[in-house]
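Visitor: Okay, here's the prediction I keep looking at, along with the sequence it came from:
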Amino acid sequence: MLPFREEYGGRVKIIIHPLVQEILTVLRNKDTPPEVFRTKLSEIGTYLGYEVLRTFDVEEVLIETPLSKAKGVKIKDLDRVVIVNVLRAAIPLVEGLLKVFPKARIGIVSARRVEKGIAAPDYVFDIEMNYIKLPNDLNDTVTIVADPMFATGCTMLRVLEEVYKRGKPRRCILITVISTRLAIERVLSKYPVEVFTAAIDEKLDERGYIVPGLGDAGDRALGVS
Ligand code: URA
């Protein structure tokens, strides 16, 4: 059995591993305190990253043990990885991802929805980006954009505009905890990206929050509310 369920022609992978699903359950629970929420967001980052790593090519290498020669593997392209940290909620997620991509370069962008109360039914937000610091040349990189809540796709579209201004990554992978079909379809129709997520929730509330979701991921991770 595959460790993930594939949708959208394989461009979206939903990680169904019980460990990931159990962590997601803790994250969804409104009674989970910020310090646990933060730790679990970091843990799920590690496990989602581990599944992304499964899709990297490997090459065979020959090494010597103290006793004889042995065949082994080396994962390719680890030195091409750039992780884009979408402030604020991705901070713990990126911390977890770095356990599997320790050599990654890190870009940071701040993104804030300009809230307008009722966002339904079109769910289009202006995105305020006050801080953008990405590597200048993203050509041929494996760029991973980390943002836990992939709700309407507006933030992601704005972040990807900045990414693709800097070149064409060899692969561009979005790592999210909860996604909606609206966000997935908006972004897949515009950019050649792949999505790794722990869940697809079917609904948004009228303000554009994912239902059942987990609430405001940034507030919950940072203990601000
Ligand atoms: N951002 C969040 O933190 N939660 C949502 O449900 C949607 C966007």
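Guide: Great, that's in hand.
Visitor: Tell me, how many residues neighbour residue 2?
Guide: 8 (other C-beta atoms under 10 Å). C-betas here are computed from N, CA, C, even on glycine.
Visitor: which SS class is it?
Guide: When classified by DSSP: H, G, I helix; E, B strand; the rest coil, residue 2 comes out as coil.
Visitor: Could you check the pLDDT of residue 1?
Guide: The model reports residue 1 with a pLDDT of 66.
Visitor: same thing with residue 81?
Guide: On the pLDDT scale, residue 81 gets 98.
Visitor: For it, list each beta-bridge partner.
Guide: Here residue 81 sits in beta bridges with residue 142, going by DSSP bridges.
Visitor: and it, how many neighbours?
Guide: Residue 81 has 24 neighbours, counted by other C-beta under 10 Å.
Visitor: Please name the bridge partners of the residue minimising distance to the centre of the chain.
Guide: Nearest to the mean C-alpha position of the chain, by C-alpha atoms, centre = their mean, lies residue 175 at 1.8 Å. With DSSP bridges applied, residue 175 shows beta-bridge pairing to residue 146, residue 196.
Visitor: Now that it has come up, it's in contact with residue 50, right?
Guide: No. Contact criterion C-beta atoms under 8 Å: residue 175 and residue 50 do not qualify, at 11.1 Å.
Visitor: Relative to the helix or strand bottoming out on mean pLDDT in the chain, what are the paired strands and their orientations?
Guide: Least confident helix or strand, the chain: strand 112-114 with a mean of 89, by mean pLDDT, DSSP states H and E. Within its sheet, strand 112-114 is paired with strand 126-128 (antiparallel), according to DSSP bridges.
Visitor: so how far is whatever helix or strand comes next after the strand it pairs with from its chain's centroid?
Guide: The helix or strand immediately downstream of strand 126-128 is strand 132-133, counting by DSSP states H and E. Here strand 132-133 is found 18 Å from its chain centre; the criterion is C-alpha atoms, centre = their mean, to the nearest Å.
Visitor: Quick check: mean pLDDT of strand 132-133?
Guide: So the average pLDDT for strand 132-133 ends up being 98.
Visitor: what does stretch 186-193 give?
Guide: The model assigns stretch 186-193 a mean pLDDT of 98.
Visitor: For that stretch, buried residues please.
Guide: Under the neighbour-count criterion of 16 or more other C-beta atoms under 10 Å, stretch 186-193 has 186-188, 191, 193 buried.
Visitor: How about residue 123: what's its closest non-neighbour residue?
Guide: Among residues not flanking residue 123 along the chain, residue 152 sits closest, at 4.3 Å (C-beta to C-beta, 6 or more residues apart in numbering).
Visitor: Backbone dihedrals for residue 19, please?
Guide: phi -70, psi -40 (degrees, to the nearest 10).
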